[in-house]
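# Curious how this folds, go ahead:
(one chain, ligands or ions: 2)
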Amino acid sequence: MIEIQKIENCSLIAGPCSAESQAQVMDCARSLAAMGVKVFRAGVWKPRTRPGNFEGAGEPALEWLKAVKTETGMAVTTEAANARHVEAALKAGIDMLWIGARTTTSPFAVQEVADALRGTDIPVLVKNPINAELELWIGAFERLAGAGIKRMAAIHRGFSSYYERIYRYSPEWQIPIELRRRIPGLQVICDPSHMTGRSDLVPHLAQMALDMKADGLFIEVHPDPCHALSDQKQQLTPEQFGRMTGKLVFHREPEPADLKFMEPYRALLDDIDLQLIQDLADRFHITGSIGEYKNTHNLAILQPDRYKAISDILAEKGKELGLDGDFIRLLFETIHAESIRCQINKKNDK
Ligand code: PEP
Ligand code: MN
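Ligands and ions are numbered 1, 2, ... in the order given. Alright, predicted model coming up:
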């Protein structure tokens with residue numbers, strides 16, 4: 001079991017993708033501090049997918065972050081991808097580190113960072129790996145915990161896909177949900193900037209993340225996004241950021257009165273869920289009997305015509321009842337796949 005301690009002040013972390021110059025960093029930091037942001041982000045070393053792009057200002061930029069701390073009182077955070085980054089950041093008094101999405105995919109790199117952090121108690125934010133592989137994400141927390149780091153949180157920044165989508169990186173919300181289940185007490189912060197890749201979509205996704213119980217937001221803000229040296233399209237201006245935060249609804253924890261209101265409805269849901277499980281058990285029992293018949297009568301397990309017909313009927317019926325047709329298809333696909341799996345297993349047992 002990984003021991004997790006909460007990180008303070010991470011409900012809103014903001015700042016430019018990259019620290020580009022002392023003037024750019026200070027300009028951005030002053031605006032954000034005036035809006036009440038407590039933690040300032042800026043990339044000092046930038047992991048670029050392809051070479052030839054701006055790769056960060058490097059160690060000199062740590063001095064600019066130090067100046068932000070001194071002048072605004074905000075805590076500062078930057079990305080560390082190897083032992084050299086960790087040592088330089090610690091020496092400069094950086095308050096919090098984050099591990100980038102590309103680094104989380106590499107157990108060697110994460111182990112190197114973890115080893116360099118041994119003996120410190122700096123908070124570490126771990127971005128999800130760029131591919132949708134939950135075990136790599138969990139593995140990074142395990143490696144850091146193995147090095148004695150306790151204050152850790154996750155950053156959900158979406159997952160890469162070969163196909164064009166509305167978002168730059170697809171959210172795959174079920175992955176952070178499962179992460180929370182696997183590591184109880186872990187705060188999950190959402191990064192709608194990298195997820196959307198588009199500044200106009202950031203506010204919508206930021207609210208969606210809060211509705212999905214994100215513990216905080218990690219947002220790219222640049223004083224002049226059009227001239228940013230990295231991630232131009234997704235950075236908000238400080239004004240846009242202020243407008244967005246003014247509208248965001250940060251949820252509270254349910255109080256006894258809320259729980260009392262929801263209790264009878266939840267009791268009804270529990271009964272329905274139990275009934276669904278019972279119905280599924282009955283359904284699989286029946287498919288078992290049909291499976292036996294198919295086996296003994298030399299019939300294929302998959303009967304595509306029957307599958308298509310029933311899937312169409314259910315999607316139509318679902319729509320009539322006000323349900324989403326695609327959801328019904330997906331649900332039935334899952335149930336049907338399990339029926340097929342059971343029938344195949346039964347056949348192989350013989
Ligand atoms: C960043 O936050 O600037 C960054 C490089 O993010 P990611 O690792 O999510 O691509
Ligand atoms: Mn970025």
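
# contacts and neighbour counts: CA atoms only from here.
Fine.

# distance of the nearest residue to Ala114 once chain neighbours are set aside from Leu97?
Leaving aside its sequence neighbours, Ala114 sits nearest to Leu144 (CA to CA, 6 or more residues apart in numbering; 5.0 Å). Per CA to CA, to the nearest Å, Leu144 is found 12 Å from Leu97.

# who's sitting farthest from the centroid in this structure?
Going by CA atoms, centre = their mean, the residue of the chain most distant from its centre is His297, 49.2 Å out.

# Double-check Asp27 against Pro223; I have them as touching.
Yes. Counting by CA atoms under 8 Å, Asp27 does reach Pro223; the two are 6.9 Å apart.

# When those two are compared, which one has more neighbours?
Pro223 (21 against 15; other CA atoms under 10 Å).

# Next one: that one, what pLDDT does it get?
For Pro223, the model assigns a pLDDT of 98.

# before we move on, what about the one 3 residues further on?
Reading off the confidence values, Cys226 has pLDDT 98.

# Need the pLDDT of the residue lying closest to it once chain neighbours are set aside.
Closest residue to Cys226 apart from its sequence neighbours, by CA to CA, 6+ apart: Gln232 at 5.7 Å. Here the pLDDT value assigned to Gln232 is 97.

# Look up phi and psi at Gln232.
Main-chain dihedrals, Gln232, degrees, to the nearest 10: phi -60, psi -40.

# how much distance is there from stretch 236-256 to the middle of the chain?
From the chain centre to the centre of stretch 236-256 is a distance of 18 Å (CA atoms, centre = their mean, to the nearest Å).

# Contacts for it next, please.
For stretch 236-256, the surrounding residues in contact (CA atoms under 8 Å, 6 or more residues apart in numbering) are 28, 31-32, 35, 199, 203, 206-207, 210-211, 213, 220-225.

# Just the buried residues of those residues.
28, 31-32, 199, 203, 206-207, 210, 213, 220-223, 225 (16 or more other CA atoms under 10 Å).

# could I get those as CSV with distance to ligand 1 and secondary structure?
Below are the buried ones among the contacts of stretch 236-256 laid out as CSV (distance: CA to the nearest ligand atom, whole Å; DSSP: H, G, I helix; E, B strand; the rest coil):
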residue, distance to ligand 1, secondary structure
Cys28, 15, helix
Ser31, 19, helix
Leu32, 17, helix
Ser199, 14, helix
Pro203, 17, helix
Ala206, 15, helix
Gln207, 19, helix
Leu210, 18, helix
Lys213, 20, coil
Glu220, 8, strand
Val221, 11, strand
His222, 12, coil
Pro223, 16, coil
Pro225, 14, helix
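
# Show me which of these has the smallest pLDDT value.
Among the buried ones among the contacts of stretch 236-256, Lys213 has the weakest pLDDT, 94.

# residues in contact with it?
Lys213 sits in contact with His251, where contact means CA under 8 Å, 6+ apart.

# Quick one: residues contacting Arg84.
Here Arg84 is in contact with no residues (criterion: CA under 8 Å, 6+ apart).
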